[in-house]
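Asks: the sequence and its predicted three-dimensional model are supplied below.
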Protein chains: 2
Amino acid sequence: MYLAKINVTLRPSILDPQGKAVQHAIASLGMEDVRDIRMGKYIEMKISSDDAEAAGRIADEACRKLLANPVMENFEVTLEEIR
Amino acid sequence: MYLAKINVTLRPSILDPQGKAVQHAIASLGMEDVRDIRMGKYIEMKISSDDAEAAGRIADEACRKLLANPVMENFEVTLEEIR
């Protein structure tokens, strides 16, 4: 069994109005040192497979088919073995 | 300058209907080995500080005050030095 931790981020060339809004809110709280906020998604899933390569393939397929929009988003998968 | 990578996740005791919906969608695509999907947020921010400890404090404060709901969510900050 593997735990897949997936970060989905907007590609750098895509504008991120949600990040901009959060940045204004943070600045108005007095934290002026914070810049360039980008918002993304984080997904955790368990994959019942004993083979890391197969688990990676399944996580990758889930990202490409459903979790990320490949035109606008990048994704990054980290696998962790669990019992 | 530091890049803070922040994962905000629902606490384990909180139900995650969005994760359940994604799980049904993934199962209907034929990926039956995927279980226990939990959805969270991923945030990247740059912090202009030369001190890792101060940068960590700022990221932590941003999470507690704005990015995460401490009643329902956990957060995890990873710092990376950048130029």
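Replies: Alright, I've got the coordinates.

Asks: check which element follows the longest strand belonging to chain A along the chain.
Replies: Taking DSSP state E as the criterion, chain A has its longest strand at strand A:34-47. Helices and strands here follow DSSP states H and E; after strand A:34-47, the next one along the chain is helix A:52-62.

Asks: buried ones in the very next helix or strand once past that following helix?
Replies: Using DSSP H and E, the helix or strand that follows helix A:52-62 towards the C-terminus is strand A:73-81. Buried residues in strand A:73-81, counting neighbours by 16 or more other Cβ atoms under 10 Å in any protein chain shown, are found at A:73, A:75, A:77, A:79. Bear in mind the C-beta positions are built from the backbone N, C-alpha and C, glycine included.

Asks: can you give me the distance of the residue of chain A most remote from its centre to chain B?
Replies: Here chain A reaches farthest from its C-alpha mean at residue A:30, the gap being 27.5 Å by Cα atoms, centre = their mean. Note on residue A:30: its distance to chain B, by Cβ to the nearest Cβ, to the nearest Å, is 9 Å.

Asks: again with residue A:48
Replies: From residue A:48 to chain B the distance is 5 Å (Cβ to the nearest Cβ).

Asks: what is residue A:77 paired to in the beta sheet?
Replies: residue A:6 (DSSP bridges).

Asks: could you pull up the contacting residues of it?
Replies: Contacts of residue A:77 were listed using Cβ atoms under 8 Å, 6 or more residues apart in numbering or on different chains, and they are A:4, A:5, A:6, A:56, A:59, A:60, A:63.

Asks: one more: residue A:65?
Replies: Here residue A:65 is in contact with residue B:29 (Cβ under 8 Å, 6+ apart).
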